[in-house]
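**Q** okay, here's the prediction I keep looking at, along with the sequence it came from:
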Amino acid sequence: MAEAYIVQALRTAGGRRGGKLAGWHPADMAGEVLSALVERAGIDPLAVDDVVMGCVSQAGEQSFQIGRHAVLASRLPDRIPAVSIDRQCGSSQQALQFAAQAVMSGTQDVVIAAGVESMTRVPMGSNFALHAKAGIGTGPFSPRIQARYGVPSFSQFTGAQMMAEKYGYSRDELDRYALGSHQRAAAATLAGAFAQEILPLAVDGPNDEPVMHSVDEGIRCDATLESIGAVKLLQEGGVITAANASQICDGASGVLVVSERALKAHGLTPLARIHNLTVTGGDPVIMLEEPIPATRRALQRAGLSIDEIDLYEVNEAFAPVPLAWLREIGADPARLNVNGGAIALGHPLGASGTKLMATLIHALRARGKRYGLQTMCEGGGTANVTIVEAL
């Protein structure tokens, strides 16, 4: 089978809700990533066959084909096509898998997989909440779905609480994990671990003077177990809080995927090779535990054991997700989210897939390691797993 390679992997530094990236239109923010991927690779922009853009809340400024608008806002020629996809939190990880599949099939040679989400300018859920407020339709969960699963709707917050109860995690355990995420992210930032993957963006500074935003805004360097433990529970008697869950975040990210033919034709240097692409579906009610069976399937199909995987990026949607994944897979905690995760760095929904891939590839190369595994829990009970080999 033909191979697919990643030759560039970039992300913006995360912006908190209403924070430093709030002034960026999502099309412009994503456009900057597209331009930088091509320019840093040194490839002719006309060689790009397609752009696959992940985005979850495709409403408002992210409506009407945000992928195409990102191309039009970039420095790429307008002859470059694009498509926008929604696999919930795994949208841009799926964009990467679609890009890799296109290259591996031989139908395309150069594809950008990317993602964007401005959770400030297009609030989470606004793509259906505004319809509900206007009295249009009955919502995404039809009576047939409600009857089949015995619930009026699916909720990630309910799923997170269900996971904590199923796997027996206390509030203290979740808070301690959250603190570790902030500590790892702070240490990585201080050490310059994100320097190669972050694309700085100009934002307003003091006295409206432009400054470059290049540090993830959500990291709480002064976080303590006491400060995290003081955050209010999301539901009475539960264990989930905003502090042991991912942060609302603005951001964009992307990777440039090419064939072996394109590597040679354009003189490109690969960062990583795609080793396995897996996606599975499961229970939409508990929803967030699907990365566990998805990882088992990916490892089996790749012919690898978890001990052969050097680093893992498991999205920290809620602290029970990576903790349960670690326990059930029998993975090494020292290899998990080594530079922190979404609890500290933020989770810009549709951008998180290629964001985590950028972090994973650069972390593998910085450590001289070989295999990396990325997985993401997703709304509706699906999960993507991508295994890469650093080169």
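**A** Ah, there it is.
**Q** residue contacts, residue 78?
**A** Going by Cβ atoms under 8 Å, 6 or more residues apart in numbering, residue 78 touches 71, 72. In short, each C-beta sits where N, CA and C put it, glycine included.
**Q** now it, what's its secondary structure?
**A** coil (DSSP: H, G, I helix; E, B strand; the rest coil).
**Q** how near is it to residue 343?
**A** Computed as Cβ to Cβ, to the nearest Å, the residue 78 to residue 343 distance reads 39 Å.
**Q** neighbours of residue 130, how many?
**A** Using other Cβ atoms under 10 Å, residue 130 is surrounded by 13 other residues.
**Q** what residues are up against it?
**A** residue 59.
**Q** at 10 Å instead, please
**A** 59, 60, 123, 136 (Cβ atoms under 10 Å, 6 or more residues apart in numbering).
**Q** confirm that it sits in a strand.
**A** No - Residue 130: not assigned to a strand; according to three-state DSSP it is helix.
**Q** how close does it get to residue 124?
**A** Counting by Cβ to Cβ, the gap from residue 130 to residue 124 is 12 Å.
**Q** same question, residue 28
**A** For residue 28, the distance to residue 124 - Cβ to Cβ - is 20 Å.
**Q** could you list the low-pLDDT ranges of this structure?
**A** By pLDDT under 70, the chain has no low-scoring segment.
**Q** buried only: go through the contacts of residue 130 for me.
**A** 59, 123 (16 or more other Cβ atoms under 10 Å).
**Q** biggest separation within the contacts of residue 130, which pair?
**A** Maximum pairwise distance in these, criterion Cβ to Cβ, is 17.8 Å, between 123 and 136.
**Q** ok so, going back, could you single out the nearest of the contacts of residue 130 to residue 198?
**A** Nearest member of the contacts of residue 130 to residue 198, counting by Cβ to Cβ, is residue 123, at 24.8 Å.
**Q** quick one: that closest one and residue 368, what's the gap?
**A** For residue 123, the distance to residue 368 - Cβ to Cβ - is 42 Å.
**Q** so residue 180 versus residue 47, what's the distance?
**A** Counting by Cβ to Cβ, the gap from residue 180 to residue 47 is 42 Å.
**Q** sorry, back to before: of the contacts of residue 130, which is the nearest to residue 275?
**A** Distances from residue 275 to the contacts of residue 130, taken by Cβ to Cβ, are shortest for residue 59, at 35.6 Å.
**Q** contacting residues for that closest one?
**A** 66, 122, 123, 125, 126, 127, 128, 129, 130, 131.
**Q** in which helix or strand would I find the second one?
**A** Of the helices and strands defined by DSSP states H and E, none includes residue 122.
**Q** may I have the phi/psi pair for it?
**A** phi -130, psi 90 (degrees, to the nearest 10).
**Q** excluding sequence neighbours, find me the nearest residue to residue 160.
**A** residue 318 (3.8 Å; Cβ to Cβ, 6 or more residues apart in numbering).
**Q** please apply the same query to residue 242.
**A** residue 231 (5.7 Å).
**Q** these two touch, right, the one you found and residue 175?
**A** Yes - counting by Cβ atoms under 10 Å, residue 231 does reach residue 175; the two are 8.5 Å apart.
**Q** and these two? which has more neighbours close in?
**A** residue 175 (24 against 14).
**Q** list the contacts for the residue nearest to the more buried one when sequence neighbours are not counted?
**A** Leaving aside its chain neighbours, residue 175 sits nearest to residue 228 (4.7 Å; criterion: Cβ to Cβ, 6+ apart). By Cβ under 10 Å, 6+ apart, the contact list for residue 228 reads 171-172, 174-179, 182, 220, 241-244, 343.
**Q** ok, so of those residues, who is nearest residue 384?
**A** Using Cβ to Cβ, residue 343 comes nearest to residue 384 of the contacts of residue 228, at 19.8 Å.
**Q** for the closest one, grab the count of nearby residues.
**A** Neighbours around residue 343, by other Cβ under 10 Å: 34.
**Q** next, it: phi, psi?
**A** phi -60, psi -40.
**Q** now swap in residue 36 and tell me
**A** phi -70, psi -40.
**Q** and the buried ones among the contacts of residue 59, selectable in PyMOL?
**A** Selection of buried members from those for PyMOL, criterion 16+ other Cβ under 10 Å:
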select buried, resi 66+122+123+126+127
